[in-house]
Structures are given as C-alpha cells and as structure tokens.
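>>> Quick one, fold the following:
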Amino acid sequence: MEKRRILSLNETIYFETLENGLKVKYIQKENFNKTYVFLGTKYGALYNEFYMDNKKYSIPLGAAHFLEHQLFQEEDGTDISDYFETISLNSNASTDYYMTTYYINGNENICKGIEKLLDFVQSPIFKDDSIEKEKGIIVQELNMYLDKEYAILRNGINENLFKYYPIRFDVGGTIDSISTITKDDLYNCYNAFYQPNNMELVIVGGGNWEKYIKVIKDNQKAKLFVRKDIQPIIKNETDNKAIIQYTEVYKDLSFPLVGIGLKIIPNFNKKFSMFYLDKILEIFLEIKYGPTSDIYRYIIDNRLVTNKINCYHSLDNHSGVIYLNGKTDKPEQLIDYLKKTLVEMNFVINEEELNTFKKAHIGEFIKNFDSFSSLGYELISADFFEQDLFSMEKLIYDLTPEDFFQLKEYFVEEAITTFLISNKKNNY
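The predicted structure is shown next:
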C-alpha cells in the first residue's frame, strides 16, 4: 500500500496494485457519509479488433456498450440494480470510446456493495435468449437517440472527418451491427478486456482504507483469473485531412442546424502531453469562442444564430475534434464566418485575460474534488490515459501565452468539414 498526500488540495489518496493486477485507489473524504465506488475497464467502443493470444478477433460495432448492458443481468434474468436497491445503494454504468465504468453509491453497506460490484462484473453469464431480448431494447434506444438532431450532427461530423479511426461510429454501434452480436462475441471481448490487470477500482468518500482493501483482497483471492496476451488494433488516420468537406441533410426543424468540425491528429512530445493539449485547447476555445469573445459578440450582434453558438472539443491519444454548432436562419453566412475564424485564427493571447481563465480553471479543478461522482470517473480515465490527474493544477498554473502558438499547426482549412441539417426539403 502507498499513501499520497496532496497538500494543495488537502486530499489523501491510498493506492495499491493487487497480485492479480487490479489497481485500487481510495480518496478519503472525512466527515462525509456518502461514498462512491467505481470499477472501470480499459475497454470501450474503440476496440473492435484485437489479438488475444495471437489470434485476431473482429467484433461488431457497439459490442462494448452491449456487454455493459448484459452484465447487469443476473442468471435468473433479474437486473442487478434490484439487489443494490435492497441494500440502499444506487447503481449504474457507462460506456464511452475508451472505457466502461460500473459504479455504486450510498451512505451504508458499502463493503457489501463492493463485493457485489466485483462479483457481478467478474462473473459473466451470457444467454442467447437474453442477448436477443437486449438487441431489441438497444435498437429501440439507438433509433430514438440517433434521430436527435445533435446526435445526427456530431456523428455526421465524425464520419466526414475520419476514414479509419473508430470514433467515426457511434459508441452504441449501428442497427445492423447490433443485430449481428453473438454470445461468442461477448465472451471474447470479456475475456480480452475484463481481466483485473486491465481494470481499476476507485473509492471516493467516507470509510476506512484498511476495511475496504481487506474486503477487496479477500474477494479477489477467492477467484481464479487466466491472463491473456491482448493487443488492441487501432486504425489510425494517416493525416489531418477531412474525408468529406460538406454534407447537407434534411430534418423537420424550426431552424437549420450548422455544424463545423476541425480534425486534429495530435503531435505529442515529452511536454506536449494529452493532458497538456486538452487543457490548452479547452482554455483557448473558451477565450476565442466564449460569451466574452469578439467572435461570439460578432455572431450575436449580426444575428447569425437564433440562440447561441456552441463550442467544445474531444481529444484522446490518437485524435481530436473541435466542434462548433448553432441554429440559424442564415446558414450560409454562419458557415462562412465560422470557417473563416478557424482558418484565420489569431493565436495571440492577452496575459491578463489568460490569468483570469487560469484562475477560473484552477478553481473548477479544486471544486471538482467535492464532486464524488465525476472525481472517481476522471481518476480512472486519467490513469488509463497514463496521465496524473493531480498534476493538473500545476499544469494550468504554468501556462503562458506562448504555449497557445503550438495550436497553430492544427487550424488549417483541409482539416475542416461542414455538416448542415437543413429544414428545407431538397432532393436528399
């Protein structure tokens, strides 16, 4: 066991790696009754192809999310959340492109909850009838979700930008891919990625480290795990060029919805880490497109949007996207202006303005340590990306105006795509 004291945050973290490879972390929150427990595996929608013990497997899109749903099914067909309710605990799970996380929270019976959490995640039971039933449920969910305009927009931008990288497909897969998932697919994915050495358990809240770690160790010692040699196959992009520059579709909307995407293929080095690029992008986009920016004011003053302009980004070890979108009755003007702002971007940052944003981000980072639900997830995510979450405060503090000039290489016209959801029917 190791113990780390983060003085600037007034936080204590305990951590240990068990013999089977499972990483366990506990962030102690004194004088708090509520406790959150997260069990994550480094397996998400990106991992559709992999080698396991030198044999190649190709899995249908959406299998990671499907597997998450199936693990919640008990052998008798009941939902595992029913059990957690009987011991006054809430339970849920989520799947993204990079990982799947199962979590519980409550004020009591935490040790019982930890045991059950480990047991149901580490004891898969996949049945053909349950799988077929689940297909209908997930297809219904996909039909509702994929028909929403902002889902259409984001997925459309990703498809336009990426030729190979799996982010071009939705986490949930497609209607066709879900229909082909089999029991063997689920077991193959599970055996590959649900091994303890590919997982992490994080506890945030009250309680006692010695008590928690004993429960976890006793639970794991009673189980036999066979380690597999796993090599994920990630199809990366060869360049930052958008595959399709423009797409227009029709949907019955009050106003057209414009989306602009900028493709990023990160150029990492010793200093230019994923966390570093992620944070300077976040701050840069807030400065340039946030409500106090010249760009935002121009858009509002010229009524280029009916409400507001949205700007956000996503980033991982292999790729990233900057997304801009807004509803408008002037789609051509908004498209032209947004593309111009990206291509003609000014990377000069005022130091006084930067300091204001740095203070806000440091404050938000510290405040986040009182949000147990997001803290556990972010800690696992940072570890899976081999980043130190606790270094974020210093990273932000050390940023200078010069750092943002490193972004210039990404803001090029060839990396841009436009996706327009029109409310006028043409021959689509």
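>>> residues of stretch 415-426 that come out buried?
Judged by neighbour count (16 or more other CB atoms under 10 Å), stretch 415-426 contains these buried residues: 415, 416, 417, 418, 419, 420, 421, 422. Any C-beta I mention is one placed from the backbone N, CA and C, and that applies to glycine too.
>>> go on, stretch 179-186?
With burial defined by 16+ other CB under 10 Å, the residues of stretch 179-186 counted as buried are 181, 185, 186.
>>> Then stretch 371-378?
Buried-residue list, stretch 371-378, by 16+ other CB under 10 Å: 372, 375, 376, 377, 378.
>>> from these, which single one is nearest residue 9?
For the buried residues of stretch 371-378, the minimum distance to residue 9 (CB to CB) is 10.8 Å, reached by residue 375.
>>> Contacts only, for the closest one.
Residues in contact with residue 375 (CB atoms under 8 Å, 6 or more residues apart in numbering) are 27, 36, 204, 368, 369.
>>> Which strand or helix spans the first one?
With elements taken from DSSP states H and E, the one containing residue 27 is strand 23-28.
>>> what distance separates stretch 100-111 from the centre of its chain?
20 Å (CA atoms, centre = their mean, to the nearest Å).
>>> and that stretch, C-alpha only, in PDB?
Extracted as PDB, the C-alpha positions of stretch 100-111 are listed here (Å, rounded to 0.1, in the frame of the first residue of the first chain):
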ATOM      1  CA  THR A 100     -16.500   1.100 -19.400                       C
ATOM      2  CA  THR A 101     -17.300   2.000 -15.800                       C
ATOM      3  CA  TYR A 102     -19.600   0.400 -13.300                       C
ATOM      4  CA  TYR A 103     -20.500   2.300 -10.200                       C
ATOM      5  CA  ILE A 104     -22.500   2.300  -6.900                       C
ATOM      6  CA  ASN A 105     -23.100   5.000  -4.300                       C
ATOM      7  CA  GLY A 106     -24.800   5.300  -1.000                       C
ATOM      8  CA  ASN A 107     -24.500   6.000   2.800                       C
ATOM      9  CA  GLU A 108     -24.300   2.400   4.100                       C
ATOM     10  CA  ASN A 109     -23.500  -1.200   3.100                       C
ATOM     11  CA  ILE A 110     -20.500   0.000   1.100                       C
ATOM     12  CA  CYS A 111     -18.500  -3.200   1.700                       C
END
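>>> for that stretch, which positions count as buried?
In stretch 100-111, counting by 16+ other CB under 10 Å, buried: 100, 101, 102, 103, 104, 105, 106, 109, 110, 111.
>>> quick revisit: okay, and which of the contacts of residue 375 map to helices?
residue 368 (DSSP state H).
>>> can you pull the alpha-carbon coordinates of stretch 308-316 into PDB?
Provided in PDB are the C-alpha atoms of stretch 308-316 (Å, rounded to 0.1, in the frame of the first residue of the first chain):
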ATOM      1  CA  LYS A 308     -26.100  30.800 -29.100                       C
ATOM      2  CA  ILE A 309     -23.000  29.300 -30.600                       C
ATOM      3  CA  ASN A 310     -21.700  26.100 -29.000                       C
ATOM      4  CA  CYS A 311     -18.000  25.200 -29.000                       C
ATOM      5  CA  TYR A 312     -16.400  22.100 -27.400                       C
ATOM      6  CA  HIS A 313     -13.800  19.600 -28.200                       C
ATOM      7  CA  SER A 314     -12.800  15.900 -27.700                       C
ATOM      8  CA  LEU A 315      -9.300  14.500 -27.600                       C
ATOM      9  CA  ASP A 316      -7.600  11.200 -27.000                       C
END
